[in-house]
Each structure stands twice: as C-alpha cells, then as structure tokens.
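Undergrad: how would this look folded up:
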Amino acid sequence: MLIEECKKRNVGLIAMKALSGGLITNAASVFSFLRQFDNVVPIWEIQRETGLDEFISLEKKPPLLDETMWSIINKDRTELSGDFCRACGYCLPCPVGIEIPTSARMSLLLKRAPYQGFSEDIFKEKMELTNYCIDCGHCKNHCPYKLNTPSLFSKTL
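TA: Reported below is the predicted structural model:
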C-alpha cells in the first residue's frame with residue numbers, strides 16, 4: 001500500500017478528497033480508517049459549517065475502526081471500485097461547456113448522495129449538455145485515471 005511505503009521512507013502524504021468528492025457519505029468511517037496512519041493528513045472537503053462541526057466532533061471522540069466501520073468501508077470500496085470520476089477537474093475546460101466532474105459522476109451521485117438537489121433544473125440543463133459531447137478526446141487525454149469520460153455520461157442518461 002502506498003501509505004505503508006511512504007511510512008517506510010519517513011514520508012507523509014495528503015489524502016486529497018478523502019470523501020471522494022461527496023461519494024463517501026459516512027465521514028466517521030473515513031475518519032477512523034485514516035486515523036490509523038500517523039503519516040496521513042486528510043483534506044476533508046468541508047463545504048458547510050455542519051461538516052466542520054462533524055469533524056470537530058469526530059476529533060474530540062474518535063470512532064473506533066471496528067467491524068461496523070470495516071463493513072461500511074468495504075461496501076464503499078465495492079461500489080466505488082473501477083471506473084469512476086474522482087472530480088479532480090483536470091479534464092476541464094470542456095470545449096462544449098460540459099461540467100465533466102459532475103456529469104461523469106451523476107449516476108453515482110444519484111445513488112450515494114442526497115439526490116434532491118440534482119433534480120433541480122440547473123442540473124438537468126448541465127446533464128443535457130452531455131448530449132453535445134463531440135468526443136474530442138480532451139477529457140480523456142487529461143484524466144489522470146485514463147477514464148473514458150464520455151462513456152460515463154451515458155451511464156446517467
């Protein structure tokens with residue numbers, strides 16, 4: 001594992017997007033998992049004060065990495081393994097204006113995140129733009145995970 005190799009070399013690392021851009025919804029499971037490594041500093045993606053309050057609470061009373069947490073972690077690993085957009089944004093800008101990170105993740109966001117906001121007209125309009133993808137290759141060529149991003153659009157449509 002990368003974390004263990006870094007530790008052997010006396011190197012720390014930053015866990016960027018520790019909640020996978022909102023796809024992991026149980027912060028306690030990620031918190032307990034990452035807490036076992038003393039050489040990892042997570043970036044928690046806190047967007048609202050309630051999120052900050054949650055992480056302060058977790059820091060004050062850290063959850064145990066027990067069987068329940070492992071069950072949650074393994075479920076997330078199963079559901080998020082393979083080709084999914086991590087929303088890093090390296091694929092942007094799209095020549096036809098597609099908001100690639102949101103559009104490529106929409107099928108997962110609808111299943112894993114509170115979906116009500118995604119049913120608003122603004123998101124419908126953003127998803128409609130995926131119909132105008134010209135398959136120019138820009139997003140594929142800039143994706144660090146070598147994803148076929150246009151194929152991810154079709155999973156939602």
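
Undergrad: just the helices in the protein please.
TA: Using DSSP state H, the helices found in the chain span residues 2-8, 27-35, 49-60, 67-79, 100-112, 121-128, 138-142, 149-154.

Undergrad: What residues sit buried inside the shortest one?
TA: With burial defined by 16 or more other CB atoms under 10 Å, the residues of helix 138-142 counted as buried are His138, Cys139. (C-beta placed from N, C-alpha, C; glycine too.)

Undergrad: Who are the packing partners of it?
TA: Contacts defined by 3 or more CB pairs under 8 Å, 6 or more residues apart in numbering; DSSP states H and E place helix 138-142 against helix 149-154.

Undergrad: can you give me the offset of the helix it packs on from its chain's centre?
TA: Offset of helix 149-154 from its chain centre (CA atoms, centre = their mean, to the nearest Å): 17 Å.

Undergrad: still on that earlier bit, would TSV of the helices of the chain with mean pLDDT and distance to Cys85 be doable?
TA: Putting the helices of the chain into TSV (pLDDT from 0 to 100; distance: least, CB to CB, whole Å) gives the following:
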stretch	mean pLDDT	distance to Cys85
helix 2-8	93	20
helix 27-35	95	18
helix 49-60	91	21
helix 67-79	94	14
helix 100-112	84	4
helix 121-128	84	14
helix 138-142	94	9
helix 149-154	86	6
